[in-house]
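Enquirer: Here's a sequence, model it:
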Amino acid sequence: MTRIQKTVFISLALVALIVGLALSRVFDRPADLDPARLVEAGIVLLPQARTLPELSLINQDGEAVQVDQLTGRWSLLFFGYTFCPDICPTTLVDLRRVKEMLPVELAERLQPILVSVDPQRDTPEQLKQYLSYFKSGFQGLTGPLADIQKLANSVGIPFIPADGKSENYTVDHSGNLAIIGPDGRQRGFIRGPLKVEQLAEQLQPLIR
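Expert: Modelled structure (predicted):
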């Protein structure tokens, strides 16, 4: 191989490497994931990760949390509320079952977060008491309704706020979850109702 041929070969190799890295960032997903099986489990990955808005909410311990800095773990954002009569407790029980089915090291990398769509009633104290029933280390977030709506809309899981005038009002919301990667960006969705066994299986190659 001549010097010119070597130079061309090295240049092409570098181009291929750069393109490969660029594509991996665009699709932002491990190569061994099976799209068909992910969809069957209710997991829909985005072609490109989304950044979260710069918002500060309050967790169940009364601490400020920057939602655009949910880094270091895989977070599952579920927009619900503690006075929900059906979908919320069912979803949280299913999430607890998913975590119990994962290997310990992977379960520790997964953080389900209940973002309240009913901040009028869901104080940090209320969230803490409610989440303690599930005994799974779930986190809760509450704050100004406008900020919660902005977050929900940004991850594609909007809800309809209640007027809050009746004593036992309910809030219309989705059973879907937003998948947030360790880099703090949204990677996709999980469609509700949750398919626990399939979800636990397909989350493993995603979050490992």
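Enquirer: Per the annotation, how does the protein divide into domains?
Expert: 1-29, 32-207 (automatic domain parsing).
Enquirer: In this structure Thr71 contacts Val65, no?
Expert: No - applying CB atoms under 8 Å, one finds Thr71 not in contact with Val65, separated by 11.5 Å. No exception for glycine: its C-beta is placed from N, CA and C like everyone else's.
Enquirer: out of those two, which sits in the more crowded spot?
Expert: Higher neighbour count among Thr71 and Val65: Val65, with 17 against 13, using other CB atoms under 10 Å.
Enquirer: my read: that one touches Leu52, true?
Expert: No - using CB under 8 Å as the test, Val65 is too far from Leu52 to be in contact (11.4 Å).
Enquirer: picking up where we left off before, mean pLDDT lowest for which of the domains of the chain?
Expert: Here the lowest mean pLDDT among those goes to domain 1-29, at a mean of 39.
Enquirer: Looking at the domains of the chain, which one is packed in the most?
Expert: domain 32-207 (a mean of 17; mean count of other CB atoms under 10 Å).
Enquirer: Are we agreed that Ile179 is in a helix?
Expert: No - using DSSP: H, G, I helix; E, B strand; the rest coil, the assignment for Ile179 is strand, not a helix.
Enquirer: how near is it to Ala49?
Expert: In this view, Ile179 and Ala49 are 10 Å apart by CB to CB, to the nearest Å.
Enquirer: shared neighbours of those two, anything?
Expert: In terms of CB atoms under 8 Å, 6 or more residues apart in numbering, Ile179 and Ala49 are both contacted by the residues 186-187.
Enquirer: surely Phe83 meets Arg121?
Expert: Yes - Phe83 is within contact range of Arg121, at 5.9 Å (criterion: CB under 8 Å).
Enquirer: which stretches of the protein form strands?
Expert: For the chain, the strands defined by DSSP state E cover 43-50, 56-59, 64-66, 74-80, 110-116, 139-142, 177-180, 186-190.
Enquirer: So in that sheet, which strands flank the fifth one, and in what orientation?
Expert: Strand 110-116 has these partner strands in its sheet, going by DSSP bridges: strand 74-80 (parallel), strand 139-142 (parallel).
Enquirer: what would the ones you listed look like in JSON lines with distance to Lys165?
Expert: Shown next, in JSON lines, are the strands paired with strand 110-116 (distance: least, CB to CB, whole Å):
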{"stretch": "strand 74-80", "distance to Lys165": "21"}
{"stretch": "strand 139-142", "distance to Lys165": "20"}
